[in-house]
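K.L.:
Starting from these lines, generate the structure:
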Amino acid sequence: MSAFMAILRMQLKSKYGLSELRTNRKNDKKAYRKQVGIFALIVFSIIVLVGTYALVVYAMTEGLMSAGADIAMAGSIVLVYGFLAVLLMILFFGLFIVLGTLFFAKDGAFLATLPVPQRTVFLSKLAVVYISELGVALAMLAPVVVVYGVMAGMGAAYYLKAIVIWLFVPAIPLLIASLISSLFMGIIGRMRHRNLFAILGGFLGLVLMVAIQVGANMFARGLDDASLMRIIMQPNGLVDLMGSGFPPSAWAVKALITEGLGGVTHLLGFIGLSVALLAVVILIANRIYYRGALSQLETLKRMKKVERSAYVKGIKSPVHALFTREWKSVLRSPSYAMNSLTGIVIGFVVMILPALGMGTSDGELKAMADMLGQGDQGIVTLGLAGVMALFGSINPAAATAVSREGSMMALAGTFPVPFGQQVKAKFWFGYSIAALTVLSTGAGALIAYNLNTANVLLAAGIALIFLVSTTALSLEIDLLHPRFNWKNENEAIKQNMNSLYAMLLSFVLIAGLGALVFLLHGGMDILLLSGLIVLISAALCALSLLALKKTAGKAVYEL
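P.N.:
Numbering: from 1, shown residues only. Below you'll find the model as predicted:
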């Protein structure tokens, strides 16, 4: 136990920079104040987001009650959706985080030399991920639990059970992610193209989760009125039906809202599943963890002979060569690939979900499609452009392009290519991912809704113009404040605050243009309004590219 706690403390200090904070407090007051200011800004942002989410939950509950549902039914619907969202989100992103933290960390070789069992190292790393996800679970569950508790007048036992459930909520999805990752890495650890298989496995997990949700939704929609009424009339029948996509969400809600022994029984079952999964994960990790983790550090024995001409074959320019290098770097790293490229998949999936029956009935989908097809096509086009720009901005590729170089950044000055050309290649790399996201989102919109192809292409064009500015600004943020002292690739891309700053800035710009459209669309011709949005986007492009060029010129001497 002492070894576990020692490794855990070391991992937490490394992850959250606690040692650096303590050192700066004594020796560098300016850096210390900067760190405290950033922390305060993050806390304030989280409070604003959680408060906004609480208002949405309250409005949703009120809306269900005004439609005829009592507080128990409305509360159970909101609770099960809340728990389902948290569990699935932790499961999906937890799979990527577990792979990056446990299997692709740079400290794997060092920890393997310690005189402790491999399960101790495994559990200490898993505990770090678990502690992080506790914060995510708290931010997403607190509004749902508190709003229902206040509106229903729940007592102290309700909140005590909520605290216990919160402590175990991240456990089930993280343990499932750890089980899948351990088995997967144990199998592919000896393969030549193991990184490629890891990337494909991560995206396969996303497809599998969507398929499960679609299957559960299609099952619910396939019930006739009599069967549906029988389910609703049963105790917690509606909770079971809505939570069928991921049953632990229904167990957590029943443990929370069921009074007496029934609630305690559901709570013990929820905890028991966590303990059982932990036992299985420990058993497997004790045998195969190092096989998967250390295999990433091995060098393949067989090297293919490469002719000298192959080094320059297909390379058209230095920027093209560096652009290709960026893509290869990301595709060789499961952590980089799954964090940078996920938006391409998510944009398509989110748009196509209504066509698969997720959250709408056939009648509702048809009405939505008819409305989009027959409504004001100018507004529909601008709205779709905003959605495309939003999904295109949610990727950390550009905002971490410099930081991902790590200690290798010292070699940038030795390249026979001006630093401005290197920055240009990183820009085109980040922009290419944003462009692919726009295309996938547009394809999903064409499939799911009755939209005119020309309008979708026009929306994509507007989004692509706008995304030039967000990509340039994201890269500039990373140029100004790069993070080179990361311990593993997951820290470089997933835990890099530059990604958060870039996303927040993108959201502000998108929200600003959206507000402008909302204010002017009633009194301005839609063609003029569309031209104004394009003009503003183009101006943002020019200004951001000029700022990036200027920053790159200064950064070469400072990095």
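K.L.:
Give me the most central residue, the protein.
P.N.:
Nearest to the mean C-alpha position of the chain, counting by CA atoms, centre = their mean, stands Phe93 at 5.9 Å.
K.L.:
Reduced to three states, what does Pro482 come out as?
P.N.:
For Pro482, the assignment made with DSSP: H, G, I helix; E, B strand; the rest coil gives coil.
K.L.:
still on that earlier bit, and the residue nearest to the centre of the chain, how close does it get to Ala31?
P.N.:
Distance of Phe93 to Ala31, given as CB to CB, to the nearest Å: 30 Å. Glycine gets a C-beta too; all of them are placed from N, C-alpha and C.
K.L.:
and what of Phe4?
P.N.:
32 Å.
K.L.:
roughly how far apart are the residue nearest to the centre of the chain and Leu174?
P.N.:
According to CB to CB, Phe93 and Leu174 sit 10 Å apart.
K.L.:
now the helices for the stretch 51-200 of the chain?
P.N.:
71-98, 108-112, 118-152, 156-168, 171-188, 194-221 (DSSP state H, counting those that start in this stretch).
K.L.:
With distance to Phe427 added, can I get these in a markdown table?
P.N.:
Formatted as a markdown table, those follow (distance: least, CB to CB, whole Å):
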| stretch | distance to Phe427 |
| --- | --- |
| helix 71-98 | 25 |
| helix 108-112 | 33 |
| helix 118-152 | 31 |
| helix 156-168 | 42 |
| helix 171-188 | 33 |
| helix 194-221 | 23 |
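K.L.:
okay, those in CSV with mean pLDDT and distance to Tyr431 next?
P.N.:
Shown next, in CSV, are the helices of the stretch 51-200 of the chain (pLDDT from 0 to 100; distance: least, CB to CB, whole Å):
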stretch, mean pLDDT, distance to Tyr431
helix 71-98, 79, 23
helix 108-112, 68, 33
helix 118-152, 87, 29
helix 156-168, 90, 40
helix 171-188, 78, 31
helix 194-221, 58, 21
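K.L.:
before we move on, back to that, pull up the overlap in contacts between Phe93 and Leu174.
P.N.:
With CB atoms under 8 Å, 6 or more residues apart in numbering applied, the contact sets of Phe93 and Leu174 do not overlap.
K.L.:
by contact count, what packs against the helix or strand harbouring Thr470?
P.N.:
Using DSSP states H and E, Thr470 sits within helix 453-480. Counting contacts by 3 or more CB pairs under 8 Å, 6 or more residues apart in numbering; DSSP states H and E, helix 453-480 packs against helix 377-393, helix 419-448, helix 497-520, helix 526-558.
K.L.:
following it, which helix or strand shows up next?
P.N.:
With DSSP H and E, the next secondary element past helix 453-480 is helix 489-493.
K.L.:
got the CA positions of that next one in PDB?
P.N.:
Provided in PDB are the C-alpha atoms of helix 489-493 (Å, rounded to 0.1, in the frame of the first residue of the first chain):
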ATOM      1  CA  GLU A 489       1.800  12.200 -25.100                       C
ATOM      2  CA  ASN A 490      -1.600  12.400 -23.400                       C
ATOM      3  CA  GLU A 491      -0.300  15.300 -21.300                       C
ATOM      4  CA  ALA A 492       0.900  17.000 -24.500                       C
ATOM      5  CA  ILE A 493      -2.400  17.000 -26.200                       C
END
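K.L.:
Quick one: list the elements packing against that helix.
P.N.:
Other helices and strands packing on helix 489-493, by 3+ CB pairs under 8 Å, 6+ apart, are helix 334-340.
K.L.:
roughly how far is the helix it packs on from the heart of the chain?
P.N.:
11 Å (CA atoms, centre = their mean, to the nearest Å).
K.L.:
ditto for stretch 542-553
P.N.:
Distance, centroid of stretch 542-553 to centroid of chain: 29 Å (CA atoms, centre = their mean).
K.L.:
Ok, stretch 459-473 next?
P.N.:
Counting by CA atoms, centre = their mean, stretch 459-473 comes out at 21 Å from the chain centroid.
K.L.:
contact partners of that stretch?
P.N.:
381-382, 384-386, 388-389, 392-393, 398, 427, 430-431, 434-435, 438-439, 442, 502, 505-506, 509-510, 513, 530, 533-534, 537-538, 540-541, 543-545, 547-548.
K.L.:
go with 7 Å
P.N.:
The contact list for stretch 459-473 (CB atoms under 7 Å, 6 or more residues apart in numbering) reads 381, 384-385, 388-389, 392-393, 398, 427, 430-431, 434-435, 438-439, 442, 502, 505-506, 509, 533-534, 537-538, 540-541, 544-545, 548.
K.L.:
Show me which positions of that stretch end up buried.
P.N.:
459-460, 462-473 (16 or more other CB atoms under 10 Å).
K.L.:
Pipe these into CSV and attach pLDDT and distance to Val280 per row.
P.N.:
Formatted as CSV, those follow (pLDDT from 0 to 100; distance: CB to CB, whole Å):
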residue, pLDDT, distance to Val280
Ala459, 92, 48
Ala460, 94, 46
Ile462, 94, 50
Ala463, 94, 45
Leu464, 95, 47
Ile465, 95, 51
Phe466, 94, 48
Leu467, 94, 44
Val468, 95, 49
Ser469, 94, 49
Thr470, 94, 43
Thr471, 94, 43
Ala472, 94, 48
Leu473, 93, 46
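K.L.:
For these, give me TSV that also has distance to Gly343.
P.N.:
Putting the buried residues of stretch 459-473 into TSV (distance: CB to CB, whole Å) gives the following:
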residue	distance to Gly343
Ala459	17
Ala460	15
Ile462	18
Ala463	13
Leu464	15
Ile465	18
Phe466	15
Leu467	12
Val468	17
Ser469	17
Thr470	13
Thr471	13
Ala472	18
Leu473	17
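K.L.:
Looking at those, which is nearest Ala137?
P.N.:
Comparing those against Ala137 with CB to CB places Thr470 closest, at 29.6 Å.
K.L.:
how much space is there between the closest one and Ala255?
P.N.:
43 Å.
K.L.:
Then Thr437?
P.N.:
Using CB to CB, we find Thr437 at a distance of 39 Å from Ala255.
K.L.:
Of these two, which one has the most company?
P.N.:
Set Thr437 next to Ala255 and count neighbours by other CB atoms under 10 Å: Thr437 wins out with 28 against 23.
K.L.:
I'd say that one and Phe391 touch.
P.N.:
Yes - the pair formed by Thr437 and Phe391 meets the contact definition of CB atoms under 7 Å, at 5.2 Å.
K.L.:
shared neighbours, the two?
P.N.:
Common neighbours of Thr437 and Phe391 (CB under 7 Å, 6+ apart) are 343, 347.
K.L.:
how far away is Leu331 from Phe184?
P.N.:
For Leu331 relative to Phe184 (CB to CB), the value is 18 Å.
K.L.:
Neighbour count: the two, which is higher?
P.N.:
Neighbour count, other CB under 10 Å: between Leu331 and Phe184, Phe184 has more, with 21 against 15.
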